[in-house]
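Enquirer: Take a look and give me a structure for this.
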Amino acid sequence: MFWIDQVVNCIDKLLFFLWAFFDSFSYLLPENKYCQPLKELLQPFLLSWVHNSGSYMCPWMIKMLNSDGKKKRVGTVVKYLLSLLDRFKPMLLKKPLRTFRRATSCLVLFSMVSATQAQITTGELKGGDLNSINTAVPFITIAPDSRSGAMGDLGIASRPDLNSQHYNVAKYPFMKEDGGLSISYTPWLRNLIADINLAYLASYYKPTPDQVISGSLRYFSLGEITFTNIQGDPQGQFTPFEMALDAGYSRLFTDNFSGGVVSRYIHSDLTSGQVVDGQESRPGIAVGADLGFYYQNDLRLSGSDAGYALGINLSNMGTPVAYTADTDRIPIPSNLGIGGRFDYELDDYNSMSFMLEMNKLLVPTRPVIDPETDSVLRGYPEPESIVLGMIQSFYDAPGINYDDGTHSSVFREELAEIMVSLGVEYWYREQFAIRAGYFHETAVKGNRKYATLGVGLKLNVFSLDFAYLIPTNGMDSPLANTVRFTLGFDFEALEF
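Expert: Numbers count the residues shown, from 1 in each chain. Below is the predicted model:
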């Protein structure tokens, strides 16, 4: 089945990246007793999976799995990186930061290998017509921070952090600190334009142990644009921008369960009042809301501490947007997201988290229209009610059109609208993190497919995170080489 193929595709890539991570890490950290056994456990499982499942794994991945010469190829680069970092050895604490030094080199090397190979796969529509869901203000769906951006853009059930406002505000009550602030910056679509940027500011505060108030500001600059008339004559320059301002409240209901709400104001100024088709344009204004719930609990597994978490978030439920007085209003990207997480403590110093998340836009799908009569052939016309449109989004898909004149079932296209994210996070001493993930969207719904990598450093006063995106759909993707930076501060550790 189509949706099973997509799930297998995601599992293949995540398993390979896990194997490559442990393979590199076991070489760079030979004293770590877990990496080599986990790598040896994963390798035969992966080869068996490839043999038995009709795997989508790329040929270069299979070649690496069957090769024992990887260390010889990368050894010179690793030694060079380590020699550079050794020059700063007198400035570092010997044992903990030696591990940090080697792990950083591991991530740099792993990023280089992945970046040079990821373009081998292909992204095809497989005979189907593109029928993506169109919305206004899509910038509010972009993962704004580096931590989630390094784990396939997931965050509904990941460990609570400073940027939970965007993913699931209900995670905030489980934060250990009483307050904090984070600043994120993302140069966006740099393969297309050099001056598109996304900035994100988020903060939270606990007035009581079981209640949290939070807020965030998102600013999206689309760079400088020169407006022209129909003859091509310049009409002036303008820098379009979009912004969203949030306020949230969340609280604990029990020791393990919480909920929260967010209100959102959205402002989208794309034309600076230019006249379009004889009509004066105006900024698009919308208001929206999020509703989230989160549950986490501890486990004991084989004598070690473990845990799990589940989350659900309804986001951007709000009014549609119009940019002129007489044009149709465009819905904003309302979304339903469900996620889960499993934590496992390897020992007192090492822990890992594995995460899965699925998202679906609650926006009506475009119907198939008869070009002669302008009537609906398949699907449903867009309803006027926002709530009815969200409900209709679960059954209104017209079916995917194929080149041979046939089309798929409604159910199959509805499944194709589900976006899947997979992520893994490793922590050493709760101070240094290595992250990886994968995001998958079907070809007929947008064809965004990419792997993500990142690192994080957490100290007493601040935290620093970095993420890097690698497209895997085989095209010259505008998302290629996307990086994210996040700086976080703990209010309790700051002395005012």
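
Enquirer: Report the secondary structure state of the residue nearest the centre of the chain.
Expert: By C-alpha atoms, centre = their mean, the chain has its centre lying nearest to D153, at 1.0 Å. The three-state label given to D153 by DSSP: H, G, I helix; E, B strand; the rest coil is coil.

Enquirer: Using just helix, strand and coil, how would you label the closest residue to it other than its chain neighbours?
Expert: Residue nearest to D153 in three dimensions, not counting chain neighbours: A143, with 4.0 Å by C-beta to C-beta, 6 or more residues apart in numbering. Where you see a C-beta, it was placed from the backbone N, CA and C, and this is true even at glycine. Recorded secondary structure, A143: coil (three-state DSSP).

Enquirer: Kindly report the same for R159.
Expert: coil.

Enquirer: Just to be sure, Q165 is in a strand?
Expert: No: using three-state DSSP, the assignment for Q165 is helix, not a strand.

Enquirer: Point to the helix or strand of this protein where mean pLDDT is at its lowest.
Expert: Here the helix or strand of the chain ranked lowest by mean pLDDT, DSSP states H and E is helix 94-117, holding a mean of 35.

Enquirer: Could you identify the helix or strand that succeeds it?
Expert: Going down the chain from helix 94-117, the next helix or strand is helix 146-149, by DSSP states H and E.

Enquirer: still on that earlier bit, how much space separates the residue nearest to the centre of the chain from R190?
Expert: Going from D153 to R190 by C-beta to C-beta, to the nearest Å gives 18 Å.

Enquirer: you'd agree F139 is up against E242?
Expert: Yes: between F139 and E242 there is a contact at 5.2 Å, judged by C-beta atoms under 8 Å.

Enquirer: shared neighbours of the two, which are they?
Expert: Between them, F139 and E242 share these contacting residues under C-beta atoms under 8 Å, 6 or more residues apart in numbering: F220.

Enquirer: In the one helix or strand T486 maps to, which residues are buried?
Expert: Using DSSP H and E, T486 maps to strand 483-490. For strand 483-490, burial by neighbour count (16 or more other C-beta atoms under 10 Å) applies to 484-486, 488-490.

Enquirer: sorry, back to before: give me phi/psi at the residue nearest to the centre of the chain?
Expert: Dihedral pair for D153: phi 60, psi 20, per degrees, to the nearest 10.

Enquirer: shaky segments in the stretch 1-150 of the chain?
Expert: Along the stretch 1-150 of the chain, segments meeting pLDDT under 70 span 1-130.

Enquirer: do that again at 50, thanks
Expert: 1-4, 28, 50, 53-58, 60-61, 69-127 (pLDDT under 50).

Enquirer: now do the stretch 251-400 of the chain
Expert: By pLDDT under 50, the stretch 251-400 of the chain has no low-scoring segment.

Enquirer: quick one: the strands in it?
Expert: 257-269, 275-276, 279-280, 284-301, 304-318, 335-345, 350-361, 368-369, 376-378 (DSSP state E, counting those that start in this stretch).

Enquirer: Show me what the longest one is packed against.
Expert: When contacts are defined as 3 or more C-beta pairs under 8 Å, 6 or more residues apart in numbering; DSSP states H and E, strand 284-301 packs onto strand 257-269, strand 304-318.

Enquirer: Quick check: the residue nearest to D326 when sequence neighbours are not counted vs H267, distance?
Expert: Residue nearest to D326 in three dimensions, not counting chain neighbours: Q279, with 6.3 Å by C-beta to C-beta, 6+ apart. Between Q279 and H267 the computed distance is 20 Å (C-beta to C-beta).

Enquirer: got it, and V212?
Expert: V212 is 26 Å from H267, by C-beta to C-beta.

Enquirer: Those two - which one has more neighbours?
Expert: The residue with more neighbours, out of V212 and H267, is V212; 28 against 16, by other C-beta atoms under 10 Å.

Enquirer: Contact partners for the more buried one?
Expert: Contact analysis of V212 by C-beta under 8 Å, 6+ apart lists 172-173, 175, 204-206, 248-251, 260.

Enquirer: same thing but 10 Å
Expert: By C-beta atoms under 10 Å, 6 or more residues apart in numbering, the contact list for V212 reads 160, 164, 169-175, 178-179, 204-206, 248-252, 258, 260.

Enquirer: hmm, which of those are the buried ones?
Expert: Buried subset of those (neighbour count, 16+ other C-beta under 10 Å): 160, 164, 169-175, 179, 204-206, 248, 250-252, 258, 260.

Enquirer: so of the residues you listed, which ones are in helices?
Expert: Using DSSP state H, the subset of the buried ones among the contacts of V212 located in helices is S164.

Enquirer: Am I right that L217 is in contact with L201?
Expert: Yes: between L217 and L201 there is a contact under C-beta atoms under 10 Å: 4.6 Å.

Enquirer: Of these two, which one has the most company?
Expert: L201 (16 against 13).

Enquirer: how close does the more buried one sit to G488?
Expert: 11 Å.

Enquirer: Can you pull the residues that touch both of the two?
Expert: 163, 181-184.

Enquirer: Reformat these into a markdown table and put pLDDT, secondary structure and distance to A433 next to each item.
Expert: Converted to a markdown table, the shared contacts of L201 and G488 look like this (pLDDT from 0 to 100; DSSP: H, G, I helix; E, B strand; the rest coil; distance: C-beta to C-beta, whole Å):
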| residue | pLDDT | secondary structure | distance to A433 |
| --- | --- | --- | --- |
| N163 | 96 | coil | 14 |
| L181 | 95 | strand | 19 |
| S182 | 96 | strand | 15 |
| I183 | 96 | strand | 18 |
| S184 | 96 | strand | 16 |
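
Enquirer: Thanks again, I'm all set now.
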